[in-house]
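**Student:** Here is the input, now give the coordinates:
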Amino acid sequence: MTVKLRAHHLLCMLTYVGRGYTPAFTANYDIIIARLGAGETIELVAGPDDVCAPLLATGQPHCHNDSVIERDRLARLAVADLLAPHIDLTGPFHLNTTMLASLRGAFSTGQIRPACAGCEWSELCDNVARSGYAGTSLTIATC
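**Tutor:** Coordinates of the predicted model:
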């Protein structure tokens, strides 16, 4: 199977430590992180993705807000600059340990953080990155 992710969720997963908007959101995110860690492919999508699913049935989810769409645009640009020489972001791709380390390194230096401006989780993500990603849920299985 393939995990469908909006571009900014590709950044969010780098610092995911089991916290989210609701218990259902967090439980769903835990499953997605486990799937990615087990080697499922990622497909970058526009609009709500597999992470958003638990929020879509609640009132007016922020998933459709212009600010979130702009966050995705900025994240896609930043990730493309970093990864495009190595992978094709227009189709499904596998996240490997080298790519994860590269993404986390670029996240720590702020290189791929323009999309994070104004995000309510930025302080948490800053702290996780400063800690060297201690306690993060995403690890990539190696064979």
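
**Student:** following the longest helix along the chain, which helix or strand comes up?
**Tutor:** Longest helix in the chain by number of residues (criterion: DSSP state H): helix 66-83. Using DSSP states H and E, the helix or strand that follows helix 66-83 in sequence is helix 97-109.

**Student:** what is the mean pLDDT for that next one?
**Tutor:** Average pLDDT, helix 97-109: 95.

**Student:** try stretch 63-79
**Tutor:** 88.

**Student:** coming back round to it: by contact count, what packs against the longest helix of the chain?
**Tutor:** strand 2-6, helix 7-15, helix 97-109 (3 or more C-beta pairs under 8 Å, 6 or more residues apart in numbering; DSSP states H and E). Any C-beta I mention is one placed from the backbone N, CA and C, and that applies to glycine too.

**Student:** Try it again at 7 Å.
**Tutor:** Under the contact definition 3 or more C-beta pairs under 7 Å, 6 or more residues apart in numbering; DSSP states H and E, helix 66-83 sits against helix 7-15, helix 97-109.

**Student:** The last one packs against which elements?
**Tutor:** It stands for helix 97-109. Contacts defined by 3+ C-beta pairs under 7 Å, 6+ apart place helix 97-109 against helix 7-15, helix 66-83.

**Student:** Could you identify which of those helices is most buried?
**Tutor:** Most buried of the helices and strands packed on helix 97-109, by mean neighbour count (mean count of other C-beta atoms under 10 Å): helix 7-15, with a mean of 23.

**Student:** ok so, going back, is it possible to export the helices and strands packed on helix 97-109 to TSV including distance to Asp30?
**Tutor:** Putting the helices and strands packed on helix 97-109 into TSV (distance: least, C-beta to C-beta, whole Å) gives the following:
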stretch	distance to Asp30
helix 7-15	11
helix 66-83	21
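
**Student:** For Ile140, which of those helices is the nearest?
**Tutor:** For the helices and strands packed on helix 97-109, the distance to Ile140 is smallest for helix 7-15, at 11.2 Å, taking C-beta to C-beta.
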